[in-house]
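> coords below, sequence missing:
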Ligand code: UTP
């Protein structure tokens with residue numbers, strides 16, 4: 001251990017991160033060892049680059065941005081709809097379809113203690129978000145006569161609690177063998193001076209590496225391999241927190257298959273220019289999404305001749321990927337974006353601080369950055385009240401209250 005300690009000390013000195021050993025003596029032997037091992041796995045070059053990027057403003061000057069073409073579900077004729085649905089249903093019936101739920105987020109805005117999927121929406125039934133999702137999959141079982149494979153991405157932080165939650169609820173009556181959990185990666189959290197923070201236990205303060213971490217996590221955990229072994233061709237990838245998400249939609253599958261593209265996404269019309277959603281667009285001719293934190297006011301407010309927002313196709317994290325696309329995308333990491341957040345940490349005196357204002361940077365890859373590696377994708381505009389009721393904030397917009405209302409209206413409760 002002495003030797004390891006000295007090696008770590010030197011490494012930290014070289015990289016200007018000596019503070020990580022400030023509380024070392026207060027740790028028990030297991031934690032001491034764990035901390036040293038954690039430090040030895042840190043990619044300090046990457047950390048430096050990530051910190052430098054926090055200082056760079058995002059600019060779209062060199063990029064050619066254009067609105068993206070989309071199909072409006074409501075404008076399809078009955079014949080068109082039936083044709084696409086038939087294509088999609090055939091794929092699902094042949095067992096070539098899977099669902100992936102990204103449940104590795106920290107849900108900081110909601111502030112629920114535990115995995116976000118275990119949050120009780122406050123319905124009379126007291127269903128959790130996971131149970132609400134499982135309901136829609138059970139409906140598909142009724143329709144297609146088989147359980148669709150369901151992959152659930154968790155994080156280091158919530159993996160065990162998530163599995164225990166499913167166990168406790170007997171997998172909500174879903175076939176256990178059709179559910180697979182896999183963990184996403186994580187990255188250290190930095191303070192505003194680029195120093196890596198310790199967590200409340202005195203170990204490295206890490207956070208899940210964003211929903212864009214899904215592709216490398218699918219490769220690392222052999223999910224892609226598992227999908228191929230099962231003959232899966234298309235996977236729907238969605239979040240855990242949209243209580244109206246349609247995870248099995250033959251229409252979307254049929255549209256993508258018919259257009260011979262490798263991905264598809266659903267959009268809803270952006271309600272107002274400042275709405276905190278990313279919007280689909282084309283960047284240098286490739287499909288893409290601009291995040292709400294990254295779009296300029298001018299662009300957000302641009303309108304078409306008929307008064308619609310020029311960049312108004314909101315990305316609602318309801319996407320479909322062909323296994324070939326997942327395989328390709330998973331070979332490289334997506335870029336990291338930086339979020340300035342309130343992150344509890346242990347200070348140099350060993351005290352745990354719960355900041356009241358944002359104090360630290362966390363780095364996240366965004367799933368939709370994967371779109372830029374595709375030549376094209378299908379976008380289907382759907383109705384917000386039918387497919388988008390997110391649970392993001394504890395109160396106000398996109399809160400349990402608004403999602404509950406939308407859920408009840410949709411299900412006539
Ligand atoms: P959000 O970006 O809204 O994040 O995730 P969040 O974790 O739910 O909430 P905040 O921002 O901390 O308040 C959208 C979806 O992506 C998943 C979330 O679980 C949610 O289903 N996600 C997000 C991950 O699976 N991993 C991540 O690292 C981030």
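Done, it's in. For clarity, every value in this text was computed on a predicted model and none was experimentally measured.
> isn't there a helix covering residue 252?
Yes. With DSSP: H, G, I helix; E, B strand; the rest coil as the criterion, residue 252 is assigned to a helix.
> and it, how many neighbours?
26 (other Cβ atoms under 10 Å). Backbone N, C-alpha and C define where each C-beta goes, glycine included.
> Spit out the contact partners of it.
Residue 252 is in contact with 88, 236, 264, 266, 320, 378, 380, counting by Cβ atoms under 8 Å, 6 or more residues apart in numbering.
> Past the helix or strand encompassing the fifth one, which element shows up next along the chain?
It refers to residue 320. Counting by DSSP states H and E, the element that carries residue 320 is strand 313-322. Sequence-wise, the next helix or strand downstream of strand 313-322 (DSSP H and E) is helix 323-329.
> buried set for that following helix?
Neighbour counts over helix 323-329 (16 or more other Cβ atoms under 10 Å) mark 323, 325-329 as buried.
> Could you do stretch 206-221 as well?
For stretch 206-221, the buried set under the neighbour-count rule, 16+ other Cβ under 10 Å, comprises 206-219, 221.
> near the ligand, which of the residues you listed show up?
208-211, 213 (Cβ under 6 Å from any ligand atom).
> Of the buried residues of helix 323-329, which is the nearest to residue 200?
Residue 200 lies nearest to residue 329 out of the buried residues of helix 323-329, by Cβ to Cβ, at 34.7 Å.
> ok, now which ones touch that closest one?
With the criterion set at Cβ under 8 Å, 6+ apart, residue 329 makes contact with 215, 321, 370, 373.
> can you rerun that using 7 Å?
For residue 329, the contacting residues are 215, 370, 373, by Cβ atoms under 7 Å, 6 or more residues apart in numbering.
> host element of the spatially closest residue to residue 69 that is not a sequence neighbour?
Among residues not flanking residue 69 along the chain, residue 379 sits closest, at 7.2 Å (Cβ to Cβ, 6 or more residues apart in numbering). Element membership of residue 379, judged by DSSP H and E, is strand 378-381.
> elements contacting that strand?
Strand 378-381 is packed against strand 71-72, helix 250-259, strand 263-269, with contacts defined by 3 or more Cβ pairs under 7 Å, 6 or more residues apart in numbering; DSSP states H and E.
> Show me what whichever helix or strand comes after the last one is in contact with.
Downstream of strand 263-269, the first helix or strand assigned by DSSP H and E is strand 279-283. With contact meaning Cβ under 7 Å, 6+ apart, strand 279-283 is reached by 63, 65-68, 265, 267, 270, 287-290, 295, 311-315, 372, 379.
> how many neighbours does the one residue in the chain that gets nearest to the ligand have?
As assessed by Cβ to the nearest ligand atom, the ligand sits closest to residue 105 within the chain, at 2.1 Å. Residues lying near residue 105 (other Cβ under 10 Å) number 26.
> That one: what's it in contact with?
By Cβ under 7 Å, 6+ apart, the contact set of residue 105 is 116, 208.
> let's see 8 Å
Contact analysis of residue 105 by Cβ under 8 Å, 6+ apart lists 116, 155, 208, 211, 239-241.
> Could you identify which of those residues has the most neighbours?
Most surrounded of the contacts of residue 105: other Cβ under 10 Å gives residue 240, at 28 neighbours.
> hang on, residue 50 in a helix?
Yes. Assigned with three-state DSSP, residue 50 falls within a helix.
> Excluding chain neighbours, give the residue nearest to it in space.
residue 363 (5.2 Å).
> Now do the helix or strand where the one you found lies: which elements does it pack against?
Take DSSP H and E as the rule and residue 363 turns out to sit in strand 360-365. Helices and strands touching strand 360-365, by 3 or more Cβ pairs under 8 Å, 6 or more residues apart in numbering; DSSP states H and E, are helix 44-53, strand 190-191, strand 206-208, strand 336-341.
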